[in-house]
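Chemist: Any chance you can model this:
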Amino acid sequence: MKIAVVAADGRVAKKVIAEALQRGHEVVAFGRHDINETPAKTYIKKDILVLTKEDLQGFDAVIDAFGAWTPEALPGHSTTTAHLADILSGTNVRLLIVGGAGSLYVDPDHTTQLVNTPDFPDAFKPLANAMGKALAELRQRNDVKWTYISPAADFQADGQRTGKYLLAGEEFTLNSKQESIISYADYAIAMVDEIEKGQHIKQRISVVRA
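Modeler: Numbering: from 1, shown residues only. Just a heads-up that it's a prediction; the model follows:
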């Protein structure tokens, strides 16, 4: 398959690129850095917001790995997702979003999200709310083949690649050890599995270490 990874300079993106390449897929990385620091052989310096429909033609899937932490940059979660959805609108190109855990529901009625629970760290609330807003806006799109993948609450950049994960849905899920944890490497496995299988179009799914 031919896969585009946008905001490819980040650590999650690099793990996803490596996983896809290992499986024999063709990957084109789009990033903002002057030098290619990703595993992809083809790197195009281009910001998400200036990408065009023509840039993403011919791909089977586009992975949005955008991430921002500073208050002034947080609205970028919505604007970048909306821009990618707009230029992929009406096509068969899939849009897969590297999401967050804060918007997962902690009750079966889906009225309370993890970000609104008492133990959720205050420092992460602005990010979780920004990512949750982007997801809510994405849910309104019926013209795009999107999939939003939330990691576990403890998302570990340097965590072990176990090669196994549990696939869940909208609800915050713990593994058999009562943990909500996953490494970037195992998350990347789940992302590429979803690209290959295409089983969750217009859905949010979540993953946790098995």
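Chemist: drop to CA atoms for contacts and neighbour counts, all remaining ones
Modeler: Noted.
Chemist: Phi, psi for the residue positioned nearest the centre of the chain please.
Modeler: Geometric centre of the chain, nearest residue: Val98, 0.9 Å, by CA atoms, centre = their mean. The phi/psi pair for Val98 (degrees, to the nearest 10) reads phi -80, psi 110.
Chemist: Just list the residues touching it, thanks.
Modeler: Ile63, Asp64, Ala65, Phe66, Tyr148, Ile149, Ser150 (CA atoms under 8 Å, 6 or more residues apart in numbering).
Chemist: Run through who's touching the helix or strand containing the first one.
Modeler: Read that as Ile63. Using DSSP states H and E, Ile63 sits in strand 61-64. Strand 61-64 is contacted from outside by 2-7, 56, 81, 93-98, 195, using CA under 8 Å, 6+ apart.
Chemist: next structured bit after it?
Modeler: Once the chain leaves strand 61-64, the next helix or strand it forms, by DSSP H and E, is helix 76-88.
Chemist: Could you give the number of residues near Glu149?
Modeler: Not quite, residue 149 is Ile, not Glu. 26 (other CA atoms under 10 Å).
Chemist: show me where this protein has helices.
Modeler: 11-22, 76-88, 125-138, 184-197 (DSSP state H).
Chemist: For these, please prepare CSV with the additional fields mean neighbour count, mean pLDDT and distance to Tyr43.
Modeler: Below are those laid out as CSV (neighbours: other CA atoms under 10 Å; pLDDT from 0 to 100; distance: least, CA to CA, whole Å):
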stretch, mean neighbour count, mean pLDDT, distance to Tyr43
helix 11-22, 21, 98, 11
helix 76-88, 19, 97, 18
helix 125-138, 19, 97, 26
helix 184-197, 21, 98, 19
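Chemist: Among the ones you listed, which comes closest to Thr162?
Modeler: With distances scored as CA to CA, the stretch of the helices of the chain nearest to Thr162 is helix 184-197 (6.5 Å).
Chemist: Now do that closest one: which elements does it pack against?
Modeler: helix 11-22, strand 165-168, strand 203-209 (3 or more CA pairs under 8 Å, 6 or more residues apart in numbering; DSSP states H and E).
Chemist: now with 10 Å?
Modeler: helix 11-22, strand 61-64, strand 94-98, strand 145-150, strand 154-156, strand 165-168, strand 203-209 (3 or more CA pairs under 10 Å, 6 or more residues apart in numbering; DSSP states H and E).
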